[in-house]
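Q: Structure of the sequence below:
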Amino acid sequence: MPWAFWARTGVYLVIDAVLSLVMAYFTWKEKWHPLAALITAILAFGLWFAACLLNVMVVYSNEYWFRQSNDWQKIGYGEASLQATIAGCYFAMMGFAAKAVHEWRKMNNGKLRSYEANRKVEERELEDRERTKVAQEAKHVHGNGNEGRFTV
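A: Numbering: from 1, shown residues only. This is a model prediction of the structure:
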């Protein structure tokens with residue numbers, strides 16, 4: 001039955017596609033926190049990997065033979081390979097998200113802060129660097145005030 005694929009896997013593919021679009025949009029807007037990405041990747045990987053294992057077990061443990069048994073097994077293993085591919089993508093996402101969390105923690109010296117707080121800190125640091133640069137340039141242009149004077 002063709003609708004059986006949509007009952008077992010298709011609905012979840014639609015949900016996963018919507019989740020992927022939401023994650024891509026918020027990542028692009030820099031509103032998807034690295035910790036949220038890591039948790040999402042762990043949960044999605046676990047769900048797809050469990051579905052893959054369950055699908056393989058259901059197909060492998062079939063005790064009844066019927067006329068299209070071989071075709072049904074091919075379809076079942078095909079679904080499992082699709083689920084394993086998606087799980088692999090989320091596994092890779094876990095790695096990237098873990099690296100992002102590491103960089104985020106390193107940037108904050110281990111303190112938990114939001115992106116907005118990080119931006120404010122970065123803006124303050126940038127302003128401090130600009131002030132220091134301007135002060136150094138002014139000192140270079142104007143000197144230290146002792147030009148033309150005799151010093152002993």
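Q: Sketch out the low-pLDDT regions of the protein for me.
A: 1-6, 8, 110-118, 140-152 (pLDDT under 70).
Q: what's next to stretch 55-62, contact-wise?
A: Outside stretch 55-62, the residues within contact range by CB atoms under 8 Å, 6 or more residues apart in numbering are R8, T9, S69, W72, Q73, G76, Y77, E79, A80, Q83. C-beta coordinates here come from the backbone N, C-alpha and C atoms, glycine included.
Q: Would you mark the buried spots in that stretch?
A: Applying a neighbour-count criterion of 16 or more other CB atoms under 10 Å, the buried positions in stretch 55-62 are N55, V56, V59.
Q: Then stretch 82-94?
A: Neighbour-count burial for stretch 82-94 flags L82, Q83, A84, I86, A87, C89, Y90, F91, M93, M94 (criterion: 16+ other CB under 10 Å).
Q: Give me the domain ranges for the chain.
A: According to automatic domain parsing, the chain is divided into the following domains: 2-110, 113-143.
Q: Point out the most buried one among these.
A: With neighbours taken as mean count of other CB atoms under 10 Å, those reach their highest mean count in domain 2-110, at a mean of 14.
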